[in-house]
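> Let's see this in three dimensions:
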Amino acid sequence: MQELLKIDGLTVRFYTYEGVVLALDNLDLAVGQQETLGLVGETGCGKTMTALSILRLIPPPGKIESGSILFNADGDSEAVDLLKISEAEMRAVRGSQISMIFQEPSAALNPVFTIGEQIAEVILLHRHQEMVREALKTVTKLLDEGSTSLRVVFRPAWVMEKSLYHHMDQKPETTLPRILGRIPLLRRILWRIEDEARKTAVTMLKQVEIPDAERVARQHPHQLSGGMKQRCVIAMALSCQPRFLIADEPTTSLDVTVQAQILELLRRLKVDRKSSILYITHDLAVAAEICDRIGVMYAGSMCELAQTADLFAEPLHPYTRALLAAVPKPGEEPHSIPGFIPDPLSFPPGCRFHPRCDVRIEACAKEVPPLREVKPRHFVACHVCSGVNSGQPA
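Residues are numbered from 1 along each chain as shown. Sure, this is the predicted structure:
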């Protein structure tokens with residue numbers, strides 16, 4: 001499997017007044033081309049922190065201590081370590097090559113601006129050259145196909161506008177548009193670029209199956225339902241056609257019918273755009289529906305990683321089995337996991353799940369189990385499951 005993204009030894013710590021919080025500990029993960037990888041686990045296990053680390057958006061006082069995040073956008077050239085490039089280069093990657101759908105759409109949308117303005121802003125930021133070329137085509141067409149009377153009246157303005165767009169196309173970093181935008185009489189010359197961005201925003205809303213997209217583009221977030229806002233956030237994330245999409249629990253606050261529509265939309269968009277998805281969720285049923293592979297996280301580390309069918313047919317790690325047993329099933333009593341999630345300020349020695357595990361052995365309290373491949377493409381971090389150590393239950 002060709003890898004689009006590969007994480008090696010990622011460690012993230014938060015330096016607080018109470019102590020050092022180990023959010024991610026030596027995490028290894030890989031996402032293949034055109035693959036949907038799911039991350040599941042209890043709240044606080046490090047799923048969202050993994051996504052924020054990929055985008056280098058760790059909030060202070062957090063810090064990425066070590067590791068590498070290799071990203072191969074086109075699959076042909078050499079992979080780029082996202083942790084080593086400059087902030088300016090990283091800003092060019094965010095939104096254009098890697099996009100993220102945040103968990104709460106109301107927090108991701110600005111209540112002051114309309115939906116169309118917010119999507120158009122993303123398009124103008126990352127697809128500015130494309131918008132310039134579209135505006136250049138429009139002006140060229142007006143010059144070539146306009147009537148004689150129109151050409152006589154508007155030709156000087158069109159020629160000036162065409163020259164400006166051509167200059168912007170040849171020199172993307174030029175400051176001329178900003179200078180002209182401050183002159184009231186010349187400000188309207190640049191309106192075509194913004195118009196192209198608004199048209200593209202409406203097109204994106206139509207692609208996520210929003211009815212009456214033109215009207216929705218003129219509305220503010222508070223005028224839309226939760227499902228509609230989530231579709232708008234997805235449209236914003238997909239507006240620059242990213243190769244890698246991170247979806248952080250995008251269906252948590254939605255009803256089951258809208259949830260099914262969003263999942264089908266993500267599945268279809270992945271096929272149409274040939275992109276990969278990192279799907280973060282605590283809902284195992286949703287993960288089973290949409291993911292090709294699933295990684296189970298606990299206390300900032302990876303417990304088990306396998307193909308979706310293999311994980312549900314034969315879960316190996318005790319934590320994975322406990323999660324599946326806790327899912328309500330018709331005619332069965334769900335079983336809760338005993339104990340509590342360990343304090344990130346003072347994790348227990350050895351395997352972090354061993355205080356809650358009913359099959360632990362002596363080695364579990366002493367040695368951190370490595371993530372090993374115990375079956376083809378089935379990785380487990382467990383002394384008991386991997387057969388590395390043997391002993392009597394503690």
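
> Show me where the stretch 201-350 of the chain has its strands.
All strands of the stretch 201-350 of the chain, identified by DSSP state E, counting those that start in this stretch, fall at 244-248, 276-280, 293-298, 301-307.

> Any chance of JSON lines for these, columns distance to G339 and mean pLDDT?
For glycine as for every other residue, the C-beta is placed from the backbone atoms N, C-alpha and C. Compiled in JSON lines, the strands of the stretch 201-350 of the chain are given as follows (distance: least, C-beta to C-beta, whole Å; pLDDT from 0 to 100):
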{"stretch": "strand 244-248", "distance to G339": "27", "mean pLDDT": "91"}
{"stretch": "strand 276-280", "distance to G339": "24", "mean pLDDT": "93"}
{"stretch": "strand 293-298", "distance to G339": "12", "mean pLDDT": "94"}
{"stretch": "strand 301-307", "distance to G339": "15", "mean pLDDT": "93"}
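
> Take those strands and lay them out in TSV including distance to H354.
Formatted as TSV, the strands of the stretch 201-350 of the chain follow (distance: least, C-beta to C-beta, whole Å):
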stretch	distance to H354
strand 244-248	29
strand 276-280	25
strand 293-298	11
strand 301-307	12
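
> And those strands: which comes nearest L324?
Evaluated with C-beta to C-beta, these place strand 293-298 nearest to L324, the distance being 9.9 Å.

> who wins for proximity to G32 among the strands of the stretch 201-350 of the chain?
Evaluated with C-beta to C-beta, the strands of the stretch 201-350 of the chain place strand 276-280 nearest to G32, the distance being 6.8 Å.

> Output that closest one as PDB - backbone C-alpha positions only.
Provided in PDB are the C-alpha atoms of strand 276-280 (Å, rounded to 0.1, in the frame of the first residue of the first chain):
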ATOM      1  CA  SER A 276      -7.700   9.800   1.900                       C
ATOM      2  CA  ILE A 277      -9.600  10.300   5.100                       C
ATOM      3  CA  LEU A 278      -8.600  10.100   8.800                       C
ATOM      4  CA  TYR A 279     -12.000   9.600  10.500                       C
ATOM      5  CA  ILE A 280     -12.000  10.300  14.300                       C
END
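
> re earlier: can I get the strands of the stretch 201-350 of the chain in a markdown table with distance to S96 and mean neighbour count?
Shown next, in a markdown table, are these (distance: least, C-beta to C-beta, whole Å; neighbours: other C-beta atoms under 10 Å):
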| stretch | distance to S96 | mean neighbour count |
| --- | --- | --- |
| strand 244-248 | 11 | 23 |
| strand 276-280 | 15 | 25 |
| strand 293-298 | 26 | 25 |
| strand 301-307 | 28 | 24 |
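
> Which of those sits closest to M204?
Nearest to M204 among those is strand 244-248; the distance by C-beta to C-beta comes to 13.7 Å.

> and that closest one, how far out from the chain's middle?
2 Å (C-alpha atoms, centre = their mean, to the nearest Å).

> Partner strands of that strand, with direction?
strand 98-101 (parallel), strand 276-280 (parallel) (DSSP bridges).

> Quick one: residues in contact with the longest one.
Strand 276-280 is contacted from outside by 4-5, 31-39, 47-48, 50-51, 54, 243-249, 266, 270, 286-287, 290-291, using C-beta atoms under 8 Å, 6 or more residues apart in numbering.

> Of the residues you listed, which belong to helices?
If you go by DSSP state H, the contacts of strand 276-280 have 47-48, 50-51, 54, 266, 270, 286-287, 290 in helices.

> Neighbour-wise, give me the winner out of the residues you listed.
Greatest neighbour count in the ones in helices among the contacts of strand 276-280, by other C-beta atoms under 10 Å, goes to T50: 26 neighbours.

> per-residue pLDDT, that one?
Listed pLDDT for T50 reads 93.

> Give me the distance between it and I193.
For T50, the distance to I193 (C-beta to C-beta, to the nearest Å) stands at 37 Å.

> How much space separates the residue nearest in space to the middle of the chain from P349?
The centroid of the chain falls nearest to I246 when counting by C-alpha atoms, centre = their mean (1.6 Å). Distance, I246 to P349, using C-beta to C-beta: 33 Å.

> Specify the local secondary structure of R352.
Following DSSP: H, G, I helix; E, B strand; the rest coil, R352 is assigned to coil.

> Number of residues surrounding the residue nearest to it when sequence neighbours are not counted?
Nearest non-adjacent residue to R352, counting by C-beta to C-beta, 6 or more residues apart in numbering: A299, 4.2 Å away. A count of nearby residues for A299, using other C-beta under 10 Å, gives 24.

> Now do the contacts for A299.
25, 45-46, 341-342, 344, 347, 352-353.

> correct me, but A235 touches V208?
Yes - counting by C-beta atoms under 8 Å, A235 touches V208, with 4.7 Å between them.

> If you count surrounding residues, which of those two has more?
Neighbours per residue (other C-beta under 10 Å) separate A235 from V208, with A235 holding more: 26 against 22.
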